[in-house]
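> structure of the sequence below:
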Amino acid sequence: MNKPVLVTLCAALAAGLARVPDAAAQSPSHMPAWTRGAVCYEVFVRSFYDGTGDGVGDLDGLIEKLDYINDANPASKTSLGASCIWLMPVAASPSYHGYDVSDYYRVEPDYGTNADFKRLVAEAHRRGIKVLVDMVLNHTSSRNPWFQVALHDTASPYRSWYRFSPTPLQTKGPWGETVWHRSPVRDEYYYGVFSGEMPDLNYSTPQVREEAMKIATFWLREMGVDGFRLDAVQYLVEQGSCLVDCAGTHAFLHQYAEHVDSVEPGAYTVGEVWDSLGELLTYYPDQLTSYFTFGLADSLRTAVRRGSAGGMLEEYLRLQDTLPPYRWNPILSNHDGTRIMTVLGGDAAKARAAATLLLTLPGLPFVYYGEEIGMTGDKPDPRLRTPMQWSPSTGVGFTTGKAWESPQPDSLTANVAVETGDPGSLLNLYRRLIHLRRANAALAAGRLRALTASSPQVVAYLRRAGRGRSAHAVLVVANLGEAISGVSVAADSGALPPGRYAPRNLLGGPDGASFSVGADGRITGYVPATALGAEECLVLELERR
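Residues are numbered from 1 along each chain as shown. Okay, here's the model as predicted:
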């Protein structure tokens, strides 16, 4: 890192600068073209596909299954159609999950070699898939050579890369946990917010910040990735008694994003800030490209689980008014939390409704591997990350050997082979929705307009894009409860241009009833279908006659 950058960062640390989002600075002028209508797919390499038969997923296996994620034929409907993959950590690590890195410049040997990874990137790019890798910057493995030298040699330059103390300065961290851990070498303590096996890096040390930039450059230039998902960014910089969301963290992320963009303009960076929307917005406008919106996931899951639509769209509308859609990432679940099918009690109809909402609302959504076939999973963490269920066979089509973790009990029925052959399966719904999202102008980039429904168990909204005769509009009506009849939807003035509309069902089945919009653009008492089945969702393209 050069001297001006260091001066800027240190000044920000000293001043306690906390960046506040400015709506005027959120313009999509640098919007990467690939993000329009995109959906990303989270992959745990260890669990995706075993190409060598040793029971562990690997890069060869992932390459073999890339056509499932997206193939090179844009007209194909047999792939999911995802525009990017996010790979959970692929750097060398002593753990199964990889979130404690021992070598940032080497691919985990269980997965393959650096050359294998470069081949993966080339094959992904050939299919139009961007590749994002998990970047774990908050901490290293306790077995990382940097930490081992710092632990054993108090005169080593690496000593300042970590935080040591003769006494535990604070006994509890952000969740009430112990964060100061006794050294196995001498009578002292070191800081690790997540565990003793994951000692935190000390970002007040210039060399640590420089190394973070060097690692980013390596993965962008040498390995060819298109960006990063940054783990646990809230905890990067500690300042005095501040352990989370500190001013220095915001300052560092600003400099990190600036560096990434200088190395690879347009590279996409996604941050993990598991917090309220208010706190999340302090990480804009000029830090990472985007962040996961865990609050949206909570409200969507709650609405579907309870069968009540109240308040579900509020934070979507707030984000839409603050940020372009490629800068926030809705999800249903990920590797850290209970899988959505388990949250919904195994109810396939509710899972279909949740998928339809996620993939027809704004933002750039991420889908966790296996979510599209209804995989189940709950804590402990390894049971959230079980092998992908490809077929109802020995090893669930994941491996010819003994899988590193046993599959879920439902693997004989919830798998790619079975669901591919069922036109009404959850998998085929995901395929249709993801392809629609990219192809349909309103779903790809349209603004969200909430509608009022006559029943609290129904959520309704418009997505609108374009103007005049080239305008596109899609109406989504989702019944989150039991079967119901005669539900009407309405909107205030300006909802749609005046005219008569013939709704076409984009998911198959009967089209919606025609309706007219007057000069004021209001929708009044429109009943799209005589009856809505339990958890039935209508996705209707509005064709103006």
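
> count of residues packed around residue 491?
21 (other C-beta atoms under 10 Å). For glycine as for every other residue, the C-beta is placed from the backbone atoms N, C-alpha and C.

> go on, the one 5 residues further on?
Each residue near residue 496 was counted by other C-beta under 10 Å, and the total is 21.

> one more: residue 409?
By the criterion of other C-beta under 10 Å, residue 409 has 9 neighbours.

> cool, residue 396 as well?
So residue 396, with other C-beta under 10 Å, has 23 neighbours.

> what packs against the longest helix along the chain?
As assigned by DSSP state H, the longest helix anywhere in the chain is helix 247-263. On a contact count with 3 or more C-beta pairs under 8 Å, 6 or more residues apart in numbering; DSSP states H and E, helix 247-263 meets helix 3-15, helix 206-217, strand 268-271.

> mean pLDDT for those: which is lowest?
Lowest mean pLDDT within those: helix 3-15, a mean of 39.

> just the CA coordinates of the helix or strand following that helix, formatted as PDB?
Downstream of helix 3-15, the first helix or strand assigned by DSSP states H and E is strand 40-43. The C-alpha trace of strand 40-43 is given here as PDB (Å, rounded to 0.1, in the frame of the first residue of the first chain):
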ATOM      1  CA  CYS A  40     -25.700 -16.200  -8.100                       C
ATOM      2  CA  TYR A  41     -25.300 -19.700  -6.800                       C
ATOM      3  CA  GLU A  42     -23.400 -20.500  -3.600                       C
ATOM      4  CA  VAL A  43     -21.200 -23.700  -3.800                       C
END
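
> strand partners (parallel or antiparallel) of strand 40-43?
In the sheet, strand 40-43 lines up against strand 84-87 (parallel), strand 366-368 (parallel) (DSSP bridges).

> now the longest helix of the chain, how far from the centre of its chain.
In terms of C-alpha atoms, centre = their mean, to the nearest Å, the centre of helix 247-263 is found 20 Å from the chain centre.

> so that helix versus helix 206-217, what angle?
Put simply, helix 247-263 runs at 40 degrees to helix 206-217, going by axes from the mean of the first three to the mean of the last three C-alpha atoms, to 10 degrees.

> quick one: residues contacting the spatially most central residue of the chain.
Geometric centre of the chain, nearest residue: residue 366, 4.0 Å, by C-alpha atoms, centre = their mean. Listed by C-beta atoms under 8 Å, 6 or more residues apart in numbering, the contact set of residue 366 reads 39, 40, 41, 42, 86, 292, 329, 330, 331, 334.

> give me the domain ranges for the chain.
3-21+37-138+204-438, 145-191, 445-544 (automatic domain parsing).

> and the longest helix of the chain, average pLDDT?
98.

> related to what we said a few turns ago, tell me which of the domains of the chain sits most buried.
Sort the domains of the chain by mean neighbour count, taking mean count of other C-beta atoms under 10 Å, and domain 3-21+37-138+204-438 sits at the top with a mean of 20.

> which parts of the stretch 351-500 of the chain are helices?
416-420, 426-439, 441-445 (DSSP state H, counting those that start in this stretch).

> columns distance to residue 141 and mean pLDDT on top of these, output as a markdown table?
Listed next are those as a markdown table, based on distance: least, C-beta to C-beta, whole Å; pLDDT from 0 to 100:
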| stretch | distance to residue 141 | mean pLDDT |
| --- | --- | --- |
| helix 416-420 | 34 | 97 |
| helix 426-439 | 35 | 97 |
| helix 441-445 | 41 | 97 |
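
> which of the ones you listed sits closest to residue 483?
Nearest to residue 483 among the helices of the stretch 351-500 of the chain is helix 426-439 (19.2 Å), distances taken as C-beta to C-beta.

> any residues touching that closest one, and which ones?
Contacts of helix 426-439 (C-beta under 8 Å, 6+ apart): 36-39, 77-83, 348, 351-352, 355-356, 359-360, 367, 371-374, 416, 419-420, 422, 443-444, 506-507, 539.

> now stretch 493-507
Taking C-beta under 8 Å, 6+ apart as the rule, stretch 493-507 contacts 356, 429, 432-433, 436, 440, 449, 451, 462, 464, 468, 471, 473-475, 511-523, 528, 537-545.

> please put the alpha-carbon coordinates of the longest helix of the chain into CSV.
What follows is helix 247-263, C-alpha atoms only, in CSV (Å, rounded to 0.1, in the frame of the first residue of the first chain):
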residue,chain,number,x,y,z
ALA,A,247,-14.8,3.3,12.2
GLY,A,248,-11.5,1.7,11.1
THR,A,249,-13.4,-1.1,9.5
HIS,A,250,-15.3,1.3,7.3
ALA,A,251,-12.1,3.1,6.4
PHE,A,252,-10.3,-0.2,5.5
LEU,A,253,-13.2,-1.5,3.4
HIS,A,254,-13.1,1.8,1.5
GLN,A,255,-9.4,1.4,0.7
TYR,A,256,-9.8,-2.3,0.0
ALA,A,257,-12.6,-1.7,-2.6
GLU,A,258,-10.5,1.0,-4.2
HIS,A,259,-7.6,-1.3,-4.5
VAL,A,260,-9.7,-4.2,-6.0
ASP,A,261,-11.2,-1.8,-8.5
SER,A,262,-7.7,-0.6,-9.5
VAL,A,263,-6.6,-4.2,-10.1
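
> which residues touch residue 294?
Going by C-beta under 8 Å, 6+ apart, the list of residues near residue 294 reads 274, 275, 331.

> just those now: which is nearest residue 394?
Nearest to residue 394 among the contacts of residue 294, with distances taken as C-beta to C-beta, is residue 331, at 31.9 Å.
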